[in-house]
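Chemist: I'll drop the sequence and a predicted model, then ask my questions.
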Amino acid sequence: MSDTPSTERSAPLHPFRPIFAGAILVVALVLVLIWFALQMQVAVAGFLNGESIWSKAQKQSIIDLYAYSVTGDASAFAGYQHSMRIVTADRIGRDALTGKHPDAARARREFASTHTLPQAISLLAFATSRIHA
């Protein structure tokens, strides 16, 4: 028994190498798909966050403009202007992404000025440009 070569001892693992390689490839593919799904989830969260900010700013601009028209209070008018800057920046950002010549850098600047989730701005720009392409 001491005359048996050492290659025979490792021989039983050889038939399983393709199975192990296939399992590793499947795990790697699943990890890539999970990463992609998480990135899309962050992009959707950024979109929803941006819509929420826009909606609240639009509502607050109407409230502030009404308060200014009733009371003439300059702070109410300043609040209206602030809310309208958010609404306008959001519109400019969306238009920058969905126009004939998308400008992702401008969209990022505009969305950043509205305090949209910073982690989602680049993904939002990427996803929107691919959807409208």
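Modeler: On my side now, so go ahead.
Chemist: where exactly do the helices run in the protein?
Modeler: 7-10, 17-71, 74-98, 104-113, 118-131 (DSSP state H).
Chemist: pLDDT averaged over the longest one - what is it?
Modeler: Helix 17-71 shows a mean pLDDT of 92.
Chemist: Next, the angle from that helix to helix 104-113.
Modeler: 60 degrees (axes from the mean of the first three to the mean of the last three Cα atoms, to 10 degrees).
Chemist: And helix 17-71, what does it pack against?
Modeler: helix 74-98, helix 118-131 (3 or more Cβ pairs under 8 Å, 6 or more residues apart in numbering; DSSP states H and E). Just so you know, the C-beta spots here come from the backbone N, C-alpha and C atoms, and that holds for glycine as well.
Chemist: Let me know the distance separating the residue nearest to the spatial centre of the chain from Asp90.
Modeler: In the chain, the centroid-proximal residue (Cα atoms, centre = their mean) is Ala43; its distance is 2.2 Å. From Ala43 across to Asp90, the span is 16 Å (Cβ to Cβ, to the nearest Å).
Chemist: wouldn't Ile121 be in contact with Ser113 here?
Modeler: No. Using Cβ atoms under 8 Å, Ile121 is not in contact with Ser113; the gap is 10.6 Å.
Chemist: residue contacts, the residue nearest to the centre of the chain?
Modeler: 120, 123-124, 126-127 (Cβ atoms under 8 Å, 6 or more residues apart in numbering).
Chemist: In terms of pLDDT, where does Thr7 sit?
Modeler: 51.
Chemist: so who does Glu110 touch?
Modeler: Counted by Cβ under 8 Å, 6+ apart, Glu110 has contacts 89-90, 92-93, 96.
Chemist: Gln39: which of those is nearest?
Modeler: Taking Cβ to Cβ as the measure, Gln39 lies nearest Gly93 of the contacts of Glu110, at 19.5 Å.
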